[in-house]
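Student: I need the structure of the sequence given here:
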Amino acid sequence: MISWFFYLSLTNKILFGIAGLAVIFLYVFWLNSYIFHVHQKTKSPEHTLQQVKFFNKYLYLLLVFLDFILNNLLIWTQLSRVLYDYPYLVVYMSLLAAFFVFLLIIMINQQISFNVSKEIRGFTVTRKDKLGKTIRVLSMLFIFLVVICFIAYGLVSQPFGDFYNGYGFMVLFVLVILCISLLTPLLFGKVMDVEPLVNQELKQRLQNYVKKEGIQNVSFYTFQSKQKRKKNNVIVTGYRKKYFYFAEDHFNDLTMKQLESLVACGIGQIKQRHSLIRNALLLFSLFPLYGVAYFINWYENVSWVIVPVFTTVLIYVICLVLYSRVLLPFIFRIMERKADQYVLNQGVDYRDFATALLKVKELKGRPRKVKRLMDRRVKWIIQKSGGSWEEVERHQDDLNKGVAILEE
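Tutor: Here you go, the predicted structure:
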């Protein structure tokens, strides 16, 4: 299949590339029309996004990924004719070129979808601001990939070639994960359009609360809650310096004690090293792939039967799906429960914690799956604290009578 691309002329490769782009852009135009039609019927951003999820997420990502593979093959086979003495250099140059085309596609598609996304999601940024933010983020991603490719090329070149054939790929994978970990706090601020917390009195109270728990170097930011619907509560990033990100709705709907309970949950994540655990789990995702490769190699040597490429790819996909959609969510749920237990152990009133999570659950545009998981989480908190739903509901009724965030 791949060898077929080597026999294509430059003109045919360009035509194939243009055809792939045409398919992507036509699909995006159709998708926007479809989303707008669904939204006119449902009148609900949540229901609209849920109904078009397959076309808007999975099928779109599949098409973009296939186009990336196509562009990579077209560029790689063409460069191989010119730089045939530098095979590794050809691989990384074609990868970077295909990724650059991929970034352009994402940027153009975002501009095509701007009006529909603005109407449904309700964000207030202008087209120019949105484009500027996208360019900043994608540029950082491209620079990151350039650095990784440079390191990889150094590993596969002499005198590191033998090392790469043994353990170099694993070292490279570890370097990628470490770079992602270090860039996450920086990228998050760029992606979310965060702003420093301007309420100085509230900021001081939160800083005093965090310092009381032993966290010294910390900053507080806010972001528009409509941008991050799937996040349940306060988002915490950073290693030496900690960054707490709050949705704007938190300050409109939560009391001070409720807000402190969410901050305590973030502190629990810090003290229990959740960020490091997540990075370790990402590193461990390499081992199932190595296991599949080892098993296929063993089977081919024993049976003298060559496993088809499609079968190999299918096995890889199944392993990744099981790891990412079954095992990881299970582990993350355990980590979440441990952070919740930390909150209760700090003497936080479970009613404040439970009502805070219930309020976060009811924020506009929250996905159904997140709401179901939040209900289970609140039930677990009530059970562990020995309370009851009735007490939580009475506490919520008392708060609804009008308690300002800084009056407690």
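Student: Next up, the contacts around residue 275.
Tutor: By C-beta atoms under 8 Å, 6 or more residues apart in numbering, the contact set of residue 275 is 181, 236, 237, 239, 269. C-beta: built from backbone N, CA, C; applies to glycine.
Student: Looking at those residues, which one is closest to residue 84?
Tutor: Using C-beta to C-beta, residue 181 comes nearest to residue 84 of the contacts of residue 275, at 37.5 Å.
Student: Relative to residue 96, which of the contacts of residue 275 is nearest.
Tutor: Checking the contacts of residue 275 against residue 96 by C-beta to C-beta gives residue 181 as the nearest, at 22.3 Å.
Student: What count of nearby residues applies to residue 210?
Tutor: Residues within reach of residue 210, counting by other C-beta atoms under 10 Å, total 22.
Student: how much space between it and residue 242?
Tutor: Separation of residue 210 from residue 242 (C-beta to C-beta, to the nearest Å): 8 Å.
Student: what do the two both touch?
Tutor: residue 218.
Student: Now stretch 383-396: buried residues?
Tutor: For stretch 383-396, burial by neighbour count (16 or more other C-beta atoms under 10 Å) applies to 385, 387, 392, 395.
Student: Following element in sequence after the lengthiest helix in the chain, please.
Tutor: In the chain, assigned by DSSP state H, the helix with the most residues is helix 10-42. Remark: after helix 10-42, the chain's next helix or strand is helix 45-51, criterion DSSP states H and E.
Student: packing partners for that next one?
Tutor: Here helix 45-51 touches helix 10-42, helix 114-121, going by 3 or more C-beta pairs under 8 Å, 6 or more residues apart in numbering; DSSP states H and E.
Student: how many degrees apart are the last one and helix 10-42 in direction?
Tutor: Spelled out, it's helix 114-121. 30 degrees (axes from the mean of the first three to the mean of the last three C-alpha atoms, to 10 degrees).
Student: Show me which positions of helix 114-121 end up buried.
Tutor: Neighbour count says helix 114-121 has 114, 116, 120 buried, by 16+ other C-beta under 10 Å.
Student: From the contact counts, what lies against it?
Tutor: Contacts defined by 3+ C-beta pairs under 8 Å, 6+ apart place helix 114-121 against helix 10-42, helix 45-51.
Student: what is the mean pLDDT for that helix?
Tutor: Average pLDDT, helix 114-121: 82.
Student: chain center to that helix, what's the gap?
Tutor: Mean-position distance between helix 114-121 and its chain equals 21 Å (C-alpha atoms, centre = their mean, to the nearest Å).
Student: hmm, back to that, ok, the buried residues of helix 114-121 vs residue 132, which is closest?
Tutor: Among the buried residues of helix 114-121, residue 114 lies closest to residue 132 (C-beta to C-beta), at 12.8 Å.
Student: can you tell me which residues contact the closest one?
Tutor: Contact partners of residue 114, counting by C-beta under 8 Å, 6+ apart, are 127, 130.
Student: Domains in this protein, by residue range?
Tutor: Listed domain ranges for the chain are 2-192, 195-285+307-400 (source: automatic domain parsing).
Student: Give me the buried positions along stretch 37-57.
Tutor: In stretch 37-57, counting by 16+ other C-beta under 10 Å, buried: 38, 39, 42, 45, 46, 48, 49, 50, 51, 52, 56.
Student: Likewise for stretch 276-286?
Tutor: Of all the residues in stretch 276-286, those buried under the rule 16+ other C-beta under 10 Å are 278, 279, 281, 282, 285.
Student: With secondary structure added, can I get those in JSON lines?
Tutor: Compiled in JSON lines, those are given as follows (DSSP: H, G, I helix; E, B strand; the rest coil):
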{"residue": "278", "secondary structure": "helix"}
{"residue": "279", "secondary structure": "helix"}
{"residue": "281", "secondary structure": "helix"}
{"residue": "282", "secondary structure": "helix"}
{"residue": "285", "secondary structure": "coil"}
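Student: For the stretch 101-250 of the chain, which residues score under the pLDDT cut-off?
Tutor: Residue ranges of the stretch 101-250 of the chain with pLDDT under 70: 122-124, 148-193, 224-233, 249.
Student: And the helices in it?
Tutor: Remark: helices assigned in the stretch 101-250 of the chain by DSSP state H, counting those that start in this stretch are 114-121, 127-156, 161-163, 169-192, 200-212, 248-253.
Student: got a list of what the residue lying closest to residue 93 once chain neighbours are set aside touches?
Tutor: Counting by C-beta to C-beta, 6 or more residues apart in numbering, residue 79 is the residue found nearest to residue 93 once chain neighbours are left out, at 6.0 Å. Under the criterion of C-beta under 8 Å, 6+ apart, the neighbours of residue 79 are 90, 93, 94.
Student: pretty sure the first one contacts residue 76?
Tutor: Yes. Using C-beta atoms under 8 Å, residue 90 makes contact with residue 76 at a distance of 6.2 Å.
Student: Ok, which of the helices and strands packed on helix 114-121 comes nearest residue 136?
Tutor: Taking C-beta to C-beta, helix 10-42 is the member of the helices and strands packed on helix 114-121 nearest to residue 136, at 22.0 Å.
Student: Now the closest one: average pLDDT?
Tutor: Mean pLDDT, helix 10-42: 91.
Student: Format the domains of the chain as a markdown table; extra columns: distance to residue 300.
Tutor: Below are those laid out as a markdown table (distance: least, C-beta to C-beta, whole Å):
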| stretch | distance to residue 300 |
| --- | --- |
| domain 2-192 | 19 |
| domain 195-285+307-400 | 6 |
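Student: So for residue 301, which of these sits nearest?
Tutor: Of all those, domain 195-285+307-400 sits nearest to residue 301, with 11.2 Å by C-beta to C-beta.
Student: What's the end-to-end length of the closest one?
Tutor: One end of domain 195-285+307-400 sits 28 Å from the other (C-alpha to C-alpha, to the nearest Å).
Student: among the buried residues of stretch 276-286, which one has the lowest pLDDT?
Tutor: Ranking those by pLDDT, residue 285 lands last with 71.
Student: thinking it is in contact with residue 323, fair?
Tutor: Yes. At 5.8 Å, residue 285 and residue 323 qualify as touching, with contact defined as C-beta under 8 Å.
Student: Was I right to think residue 260 contacts residue 210?
Tutor: No. Assessed by C-beta under 8 Å, residue 260 is found out of contact with residue 210, at 9.4 Å.
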